[in-house]
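Chemist: Predicted model, plus sequence, below.
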Amino acid sequence: MSKKEHMLSLAGLLARHVSLFRCPVCGMAMNLANERSLSCTSGHLFDLSRDGYVHLMPNAKPGKYDKELFAARKLINGSGYFNGLLEELFAVIAEHFGPEPAAPLSVLDAGCGEGSHLSALQAHLESRLHRDVIAVGADLSKPGVRTAAKGNPRALWCVADLARSPFQDESFDVITNILSPSNYGEFRRLLANGGMLAKVVPGPEYLRELRQFLYGRQARRDKDPERTAALFAEHFPDMEERRVRYETLLDPRHLEAMLRMTPLSWHAPEEQVRRLLAQSSFRMTFDFYILWGKHFR
């Protein structure tokens with residue numbers, strides 16, 4: 001798809017779903033202007049990118065994640081290493097929403113990165129529930145959102161800040177938050193009555209072998225998932241959870257991409273990184289908790 005086609009596709013999606021958006025500066029409703037911009041009644045203007053996304057974060061600063069990191073994540077996500085997690089996550093969501101062809105399901109992936117997970121979720125729910133899915137991905141990182149938009153023009157992709165999200169109250173039936181920071185106040189504001197938040201956090205053994213290889217006894221563990229679950233339950237008292245743990249053999253060709261995509265490697269000794277990349281095979285543990293709950297007004 002050419003850049004012009006990407007932009008026209010985005011304009012068409014926005015024309016149908018512009019009611020989801022509000023101005024991130026003043027909170028006013030937004031409209032599509034000349035198929036090139038989103039504007040609010042106060043005059044704040046946000047141009048559509050020719051790459052198929054809209055930048056809705058005023059005064060944005062350069063992020064710490066670059067396009068090479070997102071290319072590595074796209075490769076790893078596309079190679080099936082997260083399929084065990086995603087199958088469980090998608091099943092959890094689908095269990096709570098029945099087939100209602102007349103009613104599209106609106107889904108926001110908060111912290112969408114390069115978009116692989118939301119794109120897979122959109123396809124899965126449409127196939128399983130036989131209903132349209134309005135998929136919206138939001139992330140702070142412009143390189144990540146640009147990659148996502150190029151990969152799936154059927155979703156709405158936004159550079160946006162969850163602390164001041166550019167969406168109207170009660171806009172979404174489902175919010176996913178996968179290995180990404182949360183803003184529970186915003187999530188509750190954005191969820192429709194009976195809407196679901198599904199959050200994925202790393203378990204205690206997530207990438208255990210990688211941590212141990214790079215840091216040995218100094219390997220840092222991820223934040224305690226029990227504390228995260230307790231905070232989640234404060235905002236969603238009917239919280240449920242499911243642990244997903246599996247091991248897989250990492251293709252040697254993907255070792256460098258795995259290193260590039262995870263902050264675990266950013267401060268690792270160079271000698272350990274070289275030794276790891278020289279491995280002919282490497283078994284890795286994937287360990288997650290899926291937390292979910294519904295919000296009722």
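Modeler: Yes, it's here.
Chemist: Show me which positions of the lengthiest strand in the chain end up buried.
Modeler: The longest strand of the chain (DSSP state E) is strand 282-295. Neighbour-count burial for strand 282-295 flags 282, 284-295 (criterion: 16 or more other CB atoms under 10 Å). For glycine as for every other residue, the C-beta is placed from the backbone atoms N, C-alpha and C.
Chemist: Repeat that for stretch 239-258.
Modeler: By 16+ other CB under 10 Å, the buried positions in stretch 239-258 come out as Met239, Glu241, Val244, Leu250, His254, Leu255, Ala257, Met258.
Chemist: how about those residues in TSV, adding secondary structure, distance to Ser119 and pLDDT?
Modeler: Shown next, in TSV, are those (DSSP: H, G, I helix; E, B strand; the rest coil; distance: CB to CB, whole Å; pLDDT from 0 to 100):
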residue	secondary structure	distance to Ser119	pLDDT
Met239	coil	27	96
Glu241	strand	25	96
Val244	strand	20	98
Leu250	strand	23	90
His254	helix	20	90
Leu255	helix	25	89
Ala257	helix	18	90
Met258	helix	20	88
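Chemist: Tell me, how many residues neighbour the nearest residue to Ala33 once chain neighbours are set aside?
Modeler: Spatial nearest neighbour of Ala33, excluding adjacent residues (CB to CB, 6 or more residues apart in numbering): Ser39 at 4.6 Å. By other CB atoms under 10 Å, 18 other residues sit near Ser39.
Chemist: pLDDT score assigned to Ser39?
Modeler: pLDDT recorded at Ser39 is 94.
Chemist: bridging residues for Ser106?
Modeler: Ser106 has these beta-bridge partners by DSSP bridges: Ile134.
Chemist: With Glu170 as the reference, measure out to it.
Modeler: Distance, Ser106 to Glu170, by CB to CB, to the nearest Å: 10 Å.
Chemist: got a list of what Asn183 touches?
Modeler: Going by CB atoms under 8 Å, 6 or more residues apart in numbering, Asn183 touches Ala110, Leu162, Ala163, Ser165.
Chemist: please redo it, this time with the cut-off set to 10 Å
Modeler: By CB atoms under 10 Å, 6 or more residues apart in numbering, the residues touching Asn183 are Ala110, Gly111, Asp161, Leu162, Ala163, Arg164, Ser165, Asn177, Arg189, Leu190.
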